[in-house]
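Chemist: The sequence and its predicted three-dimensional model are supplied below.
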Amino acid sequence: MNNQKLTTMQSRALVLLRILIGWHFLYEGIIKAYNPSWTSKGYLLSASILKPFFAWLASDSLAGTIDLLNIIGLIAVGASLLIGIKVRWGCIAGILLLLTYYLAHPPFSSLPQGPAEGSYWVVNKNLIEMAALFVIYLFPLVSVFGLENLFSKNKAKLNLT
Amino acid sequence: MANDNSYFKKWNRRDALKALGGLPIFGAVWYSGASLTESAKREKQFLLETLDIKASPPPATGPMSGKPIRLGIIGFGIRGEQLCRALGFGTTAWFKEMQNALAANPKDTRLADFKAQENLNIKLAAICDIFDTRAEKALESFNTDDNKIKRFLTHTELINSGEVDAVVIATPDHWHAPIAMTALNAGVHVYVEKPMTHNVSETYTLRDTVLKNPKTVFALGHQHRQTQSFLTAQDIIQKNILGHVSLIQTNTNRNDDNGAWQYEIAPTANPKTIDWNQFIGNAPMEEFNLEHFFRWRKWWAYGSGLSGDLLTHDYDRINCIVKMGIPNSVTTSGGIYTHHDDSNVPDVMQVNMEYPDFSTGTSQESGKEKGMTFVYSATLGNQFDRGTMLMGHDGSMELGNSITVYADPQSTKYAALIKEQRIEAGVPIYQYDPAVNGTDAVTSATAKYFANKGLLWTYRDGKRVDSTFLHLREWLSCIRNGGTPSCSVKEGFEEAISAHMAGLSYKLGRRIHWDPAAQRIIALPGEDLDSALLGDKVS
């Protein structure tokens, strides 16, 4: 990868993907942060597999912390991808968050499905977003678009174009 | 790049955009999310303030301290056992069953819930059941060092023994009123299962007996009066949130043998272990018949079918919220369509109770505020849950575990708000779910999905509580601390008369009228309402 050069369009497309995913995470986090009655309890308690684990997360002693961690996680991942700072860490955190959402309600035909706006089998939007984050992890492109540019001591090397 | 200085010299506008371009997007997304959520919150707050509904659980009943109350149980069948558990006494067989259930499923909380139940400070002092097996089951289970229980062969001996302060009556319907009256006249407090009475005439005599004995506490077993949300529902009606309610729809949908009263017949049952003559009581004499004994709800002679057994639940639930009382007239239709055996009570039944002068209030000009029909629609051949709906000119209220209120698109009261799009059709304007500790003006499909599945349900003081326990506790509190139970003889009289009118309409094939001035069901010349209600004949 280090020896390959991306075309301008390719790198811009990857940056666009990063911005869109960051936007999505940030907005989800903000909506939850500003809504005091939001809680992940229902989502966790209705988990279709790994029930004891999710019920533990939703237990009274833990639910508040889990909600707060989720909000902080969503906003941090969103900020990281949008602003372009610690993008690889943002991608890992984002994949972990999505993995928990995916595992609580995996779209397997044998399991009950909650309300959804589409039809899914094995692959759903969480999984696709995880895969997209993996791509971003491989091509963070902060030099093309990102605050880390400002602090970089070796700008030329970072710029893959 | 030899050093930082040379690096910054090469910075241009393009580089700045590349480095800082994400910040305005970040700010825009944050601002948009925050302002949208804030304005949704303001709208929700505005709606809640406009509606001003007081969401409150029923008040707690008094302390259970003092001398233990000595209780007698009359009738120890399915319901009798349930009542004893609600009183804190489980049978040995039940404990075994629950332990097995817990071993099979660690999440089964029934045993833990039972153990967590408050001690009601009572003694189960006496039992009367005319089937030996059941009476012996109670003796074996409840006779402990702390609790001495004695069997009586008749309810009269039990009541007059001087060993009980109060009785719980869970017999077939035709025994409810006679036993209750014997107890009341002996100064013994009464908790009787619904329906309060089995025929029209004893409804009056029982009412008179209760009124003549003001020191004995009389409660009727409609435990859903303890439902957490009913005071909130009352407030919604009092504040005229729904406007003129013209239709209330309630229903029963069951589709299994147990739901159709096909109860198990005990293998030990025979003429030697059952006191058949006592079972018959005031019913027409029959040959010994195990079906009749164990599945008595299927015959008018001992039970009252859908109208007495299940309509009464829904009627009383609504009566405690809107207080509509006895209808002016009732029409009933139905038949035996799902369980073709030799039972004589209908298994599909539609009851329409008319209240032409009743009003829940109005938002419209005078003259449009009166008139309401209460519908009870039941089948024992389908179990689709249709929900209970109160339908008003300005809104509809769905009554279940939670309360959900929708504005009507044609509402007068909310017309301006609908026009300003501050109220959207199909989106609830109010939701009360005791589980989520508060109120919510708007809900999402997902939230509703979780609520309907019961996943968000919590219970009084965080504990799962049996409503029968709360109802019995209320009765015991009235005995100890004074007061009148929420479902006493006034409510019971209205329940019994309304249910009997429904049964009579089915039997006589005509509209049955109530004369409110004379406080009588109107009979046609030569008509004997009680024999029409309890007989086999359907006109």
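Modeler: Thanks, I have the structure now. The model shown is predicted, which means the values in this text are computed figures rather than measured ones.
Chemist: In contact with whichever residue of chain A sits closest to chain B, which residues?
Modeler: Going by CB to the nearest CB, chain B is nearest to residue A:30 of chain A, at 3.2 Å. Backbone N, C-alpha and C define where each C-beta goes, glycine included. Counting by CB atoms under 8 Å, 6 or more residues apart in numbering or on different chains, residue A:30 touches A:75, B:29-30, B:33-34, B:37.
Chemist: quick one: residue B:245 from chain A, how far?
Modeler: 29 Å (CB to the nearest CB, to the nearest Å).
Chemist: Would you mind confirming that that residue makes contact with residue B:395?
Modeler: No. Counting by CB atoms under 8 Å, residue B:245 does not reach residue B:395; the two are 9.2 Å apart.
Chemist: the more surrounded of these two?
Modeler: Using other CB atoms under 10 Å in any protein chain shown as the criterion, residue B:245 and residue B:395 rank with residue B:245 on top: 30 against 26.
Chemist: For that one, give the beta-bridge partners.
Modeler: Beta-bridge partners of residue B:245, counted by DSSP bridges, are residue B:392.
Chemist: Looking at the contacts of residue A:30, which is nearest residue B:513?
Modeler: If you rank the contacts of residue A:30 by distance to residue B:513 using CB to CB, residue B:37 comes first, at 56.6 Å.
Chemist: residues touching the closest residue to that closest one other than its chain neighbours, list them.
Modeler: Spatial nearest neighbour of residue B:37, excluding adjacent residues (CB to CB, 6 or more residues apart in numbering or on different chains): residue A:34 at 3.7 Å. Contact analysis of residue A:34 by CB under 8 Å, 6+ apart lists B:33-34, B:37-38, B:41.
Chemist: Give the buried subset of those as a PyMOL selection command.
Modeler: The buried residues among the contacts of residue A:34 can be selected in PyMOL (16 or more other CB atoms under 10 Å in any protein chain shown) with this line:
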select buried, chain B and resi 33+37
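Chemist: Which one among the contacts of residue A:34 sits at the bottom for pLDDT?
Modeler: Least confident of these in the model: residue B:41, at 84.
Chemist: how close does that residue get to residue B:308?
Modeler: 49 Å (CB to CB, to the nearest Å).
Chemist: can you check residue B:183 too?
Modeler: 21 Å.
Chemist: same question, residue A:93
Modeler: If you go by CB to CB, the gap between residue A:93 and residue B:308 works out to 62 Å.
Chemist: So for those two, which sits in the more crowded spot?
Modeler: residue B:308 (26 against 19).
Chemist: what about residue B:320, is that helix, strand or coil?
Modeler: helix (DSSP: H, G, I helix; E, B strand; the rest coil).
Chemist: so where do the helices sit in chain A?
Modeler: A:8-33, A:41-45, A:51-57, A:60-79, A:87-104, A:125-138, A:148-151, A:155-158 (DSSP state H).
Chemist: Would you single out the least confident of these?
Modeler: helix A:155-158 has the lowest average pLDDT among these, namely a mean of 47.
Chemist: Now do the contacts for residue B:483.
Modeler: Contacts of residue B:483 were listed using CB under 8 Å, 6+ apart, and they are B:62, B:477.
Chemist: could you measure it against residue A:98, distance?
Modeler: Residue B:483 is 57 Å from residue A:98, by CB to CB.
Chemist: do the same with residue B:343
Modeler: 58 Å.
Chemist: Nearest the middle, which residue of the chain would you pick?
Modeler: In the absence of a named chain, chain A is used. Centroid-nearest residue in chain A, with CA atoms, centre = their mean: residue A:94, separated by 3.0 Å.
Chemist: that's the wrong chain, I wanted chain B
Modeler: residue B:224 (3.1 Å).
Chemist: Could I get the pLDDT score of that one?
Modeler: 81.
Chemist: pLDDT wise, what is the closest residue in space to it that isn't next to it in sequence at?
Modeler: Nearest non-adjacent residue to residue B:224, counting by CB to CB, 6+ apart: residue B:317, 5.3 Å away. For residue B:317, the pLDDT comes out at 90.
Chemist: what does chain A have sitting close to chain B?
Modeler: A:19, A:22-23, A:26-27, A:30-31, A:34-35, A:37, A:41-43, A:45-46, A:78-79, A:82-84, A:114-115, A:143-150, A:153-156 (CB under 8 Å from any CB of the partner chain).
Chemist: hang on, the earlier thing: mind listing what the residue nearest to residue B:224 touches?
Modeler: B:222, B:224-225, B:227, B:230, B:250, B:388, B:399.
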